[in-house]
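Chemist: Following is a predicted model, sequence given first.
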Amino acid sequence: MEYFTSLTSSDLERLIKSTTKSLFLCMPSIHKEIAEAIAYLDSLHNMVYQNNVKIHLLIDFDAQTFRQGYGNIGSFNGLRKVEIDIKTLPNNRISFIISDDVGYYLFVESRSLIPADKQIVNAIKIDPVSMVRLKKFFFSTSIEMNFEDELTNAIIDESKQLEKANELLSSQIAQVTKISEQEVKVVSDDLARNPPLKPDYKRIVDFYSNKFQYVKLKFEGSNMQHRKIEIPANALPIADVRLKERLETKLNLFDPESHLSSFKDLSTFKQSVLTIRAEYLKKVKSREESLLDKNKKSEFEKEIETLNKQIETVQNNTVKHIHSLIIQTKENLLEELQDFFIANPKAMFGNRQTNWQGDTDYINSSAKDMAQEVIYKIKWPLAGKLVDEFKLDIQFSDITFEDLKNVKFIKELKEIGLINKEDESQLADFTKGLKLIRK
């Protein structure tokens, strides 16, 4: 990987899970995804490989650290249960990871390692000598190591790198640009329209962001039993109203009467999703997303994890039924088309031929060929691809400053029980204060 690089949470998780000997991680605190990767690493080596990889964590264990959005107490408690070595260094904001012989300085943000909307340069590769110095300074009380020998080996490794000095210097150059007057105007105008939050306002937003958040939960592919067949415009030999009317009920990909038996597992799974939605997610009229009480987030995520594990079973139990139903639909449509062409020979022959009149065998044979040609032109879905669309899509997003100054939204929060009367009064004062400032 490059010397200056971008590490997402997923990249960091992969690096943690790939550790084989020792992991050193120093951050203000631990986010849920990172904690899960560490727990996975620990269980993999202790229970499967039986080789006990060394894991050392250093955080700033303080309530204010959690309030600022650096991880959460649940992740910390989860790692304590599996007896991970966690130490604290108050007021430390130096972040880095060393996995075996690879290390990176991490420039983290409070709520995530990297913003979801853009990729940013947020990591610098650590040289061998600095890795030893970091271990000595931050972890000397946790590990037994001959630091002098480690440093000697690191200096040797580093000297080998210096032999490629020209290559190292020419490998990367930042795309730095001059700030134009136009950019100054754009940023200034943007700040004038939407100024940064004052500390007191930011504290209020952070406080309520830690109480509840937005959630979008969607079961993709769940309405497949209502799909219709699309017959290409050039597939039918004529644009006949009678034919279209006859085909209308046959254009459903699946027979409605087959739903209960063939889609039993799918219907049961959908009901489970609805049950979890009803239990954990609250809906307000003014917002598209649902709202989740963060005190219940851990339980909610466990329920979603359980459902995700069930999806493969639903797919396996449904795919054969779907395949059979598609074949049956083809046969039904073929029969309907064939019957129509037999009853309406001119739909096939027009006025150009007369030798078909009275020749029943010829009409029947032509009707079968014409019907099969129409069936062939239709793009039929594959059962396997349809069940592959089954997926639980879940997106979390935080409450914003704009949300909390909306009087209607605050009232709705009170109605669904996410805030109490005291919260409502505080937010009402917050909104009034904003109006006074802007007068």
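Modeler: Okay, I see it.

Chemist: how about low-confidence regions in the stretch 1-150 of the chain?
Modeler: Within the stretch 1-150 of the chain, the stretches with pLDDT under 70 are 1, 46-51, 69, 110-119.

Chemist: For Lys270, give me its contacts.
Modeler: For Lys270, the contacting residues are 219, 222, by CB atoms under 8 Å, 6 or more residues apart in numbering. The way it works is simple: take the backbone N, C-alpha and C, and place the C-beta from them, glycine included.

Chemist: What distance do you get for it to Ile311?
Modeler: Per CB to CB, to the nearest Å, Lys270 is found 12 Å from Ile311.

Chemist: for Arg67, same thing?
Modeler: Relative to Ile311, and taking CB to CB, Arg67 is found at 36 Å.

Chemist: Between these two, tell me which one has more neighbours.
Modeler: Ile311 (16 against 13; other CB atoms under 10 Å).

Chemist: Ser142 touches Lys87, doesn't it?
Modeler: Yes: using CB atoms under 8 Å, Ser142 is in contact with Lys87, at 6.0 Å.

Chemist: which neighbours do those two share?
Modeler: Common neighbours of Ser142 and Lys87 (CB under 8 Å, 6+ apart) are His56.

Chemist: And stretch 317-337, how far out from the chain middle?
Modeler: Offset of stretch 317-337 from its chain centre (CA atoms, centre = their mean, to the nearest Å): 34 Å.

Chemist: Which of the helices or strands spans Tyr40?
Modeler: Assigned by DSSP states H and E, Tyr40 falls within helix 32-43.

Chemist: what's the helix or strand just after that helix in contact with?
Modeler: Next helix or strand after helix 32-43 toward the C-terminus (DSSP H and E): strand 54-59. With contact meaning CB under 8 Å, 6+ apart, strand 54-59 is reached by 19, 21-30, 38, 41-42, 65, 71, 76, 79, 84-89, 92, 138-139, 142-143.

Chemist: and if you look at stretch 285-298?
Modeler: Looking at what lies outside stretch 285-298 - CB under 8 Å, 6+ apart - the contacts are 74, 210-217, 277, 280-284, 300, 396-397, 406, 408-409, 412-413, 416, 418.

Chemist: Identify the residues contacting stretch 419-432?
Modeler: 201, 204, 208, 211, 404-405, 407, 410-411, 413-414.

Chemist: Which of those residues fall in strands?
Modeler: Applying DSSP state E to the contacts of stretch 419-432, no entry is found in strands.

Chemist: Where neighbours are concerned, which of the residues you listed has the most?
Modeler: Busiest of the contacts of stretch 419-432 [other CB under 10 Å] is Leu413, holding 25 neighbours.

Chemist: Please convert the buried members of the contacts of strand 54-59 into ChimeraX selection syntax.
Modeler: In ChimeraX, a selection of the buried entries from those looks like this (16 or more other CB atoms under 10 Å):
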select :19,22,23,24,25,26,27,28,29,30,38,41,42,65,71,76,79,84,86,138,139,142
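
Chemist: Thanks a lot, catch you later.
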